[in-house]
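Q: based on what follows, work out the 3D shape:
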Amino acid sequence: MQKRRIYKATPQKKPCFSLDIRKAAISDLPAILQMFQKAIQHLNALGIDQWDEVYPSPEIHEKDIQNGSLYLCRNGDVLAATFVVNQECDPAYKQGAWQYETAAFRAVHRLCVNPAFQNMGVGAQAMLAAETLLQRQGIESIRLDAFSQNPAALKLYEKLGYAKTGEVHFRKGLFFLFEKKL
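A: Here you go, the predicted model:
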């Protein structure tokens, strides 16, 4: 009698696709607002009370677009993620133990991945795109803050080599400050 072979299924790799990155236009605002609303619902379902109707507001997104700091990450015609890159930092950032204090830096704000694209490497692709964009501009480091109760975001930044430089309290609670040398 022949023994039956048992084969273990190997987990499938995450889908591999490329994202088109471009600055947002005011005509993109409805799609951005819709994606953020879905992301807020998704976060709330996970018990992560990070964003709400107060922040980030439609006015903040509109200002980011007008300032040329909001970037879209698209997969074909679908909005997969957005992020903001600028020099604006909350005064609480002064509490950070920044390792590259004198380096030219930019801050990343409001990285948002469409819930339909989560766990597919889109957040990492968006952050790598931001890093590449800034390196080409001669920027030496990136700073950001991340909600302490958002484990996916914390894992992403740590995986990408961001170092925790401090803690601050905003309206929603404890946030960690991160920095990376480019």
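
Q: can I get the longest helix along the chain in CSV? Just the C-alpha atoms.
A: Ordering each helix of the chain by length in residues (DSSP state H) puts helix 29-45 first. Taking C-alpha atoms only, helix 29-45 is exported to CSV below (Å, rounded to 0.1, in the frame of the first residue of the first chain):
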residue,chain,number,x,y,z
LEU,A,29,-10.9,66.1,-4.1
PRO,A,30,-14.2,64.0,-4.2
ALA,A,31,-12.3,60.8,-4.7
ILE,A,32,-9.9,61.7,-1.9
LEU,A,33,-12.7,62.5,0.6
GLN,A,34,-14.5,59.3,-0.3
MET,A,35,-11.4,57.2,0.2
PHE,A,36,-10.7,58.9,3.6
GLN,A,37,-14.3,58.2,4.7
LYS,A,38,-13.8,54.5,3.9
ALA,A,39,-10.5,54.5,5.7
ILE,A,40,-12.1,56.1,8.8
GLN,A,41,-14.9,53.5,8.8
HIS,A,42,-12.3,50.7,8.4
LEU,A,43,-10.1,52.1,11.3
ASN,A,44,-13.2,52.4,13.5
ALA,A,45,-14.2,48.8,12.8
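
Q: between whichever helix or strand comes after that helix and helix 29-45, how many degrees?
A: Next helix or strand after helix 29-45 toward the C-terminus (DSSP states H and E): helix 58-66. Between helix 58-66 and helix 29-45, the angle comes out at 130 degrees (axes from the mean of the first three to the mean of the last three Cα atoms, to 10 degrees).

Q: run through who's touching helix 58-66.
A: Ala24, Ala25, Ile26, Asp28, Leu29, Ile32, Leu33, Phe36, Leu70, Val84, Asn86, Arg110 (Cβ atoms under 8 Å, 6 or more residues apart in numbering). Yep, even glycine has a C-beta here, placed from its N, CA and C like the rest.

Q: if I pick the second one, what's in contact with it?
A: In other words, Ala25. If a contact means Cβ under 8 Å, 6+ apart, then Ala25 has Ile65 as its contacts.

Q: which parts of the longest helix of the chain are buried?
A: Judged by neighbour count using 16 or more other Cβ atoms under 10 Å, the buried positions of helix 29-45 are Leu29, Ala31, Ile32, Met35, Phe36, Ala39, Ile40, Leu43.

Q: save the residues you listed as JSON lines, and put in pLDDT too.
A: Putting the buried residues of helix 29-45 into JSON lines (pLDDT from 0 to 100) gives the following:
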{"residue": "Leu29", "pLDDT": "98"}
{"residue": "Ala31", "pLDDT": "98"}
{"residue": "Ile32", "pLDDT": "98"}
{"residue": "Met35", "pLDDT": "98"}
{"residue": "Phe36", "pLDDT": "98"}
{"residue": "Ala39", "pLDDT": "97"}
{"residue": "Ile40", "pLDDT": "97"}
{"residue": "Leu43", "pLDDT": "97"}
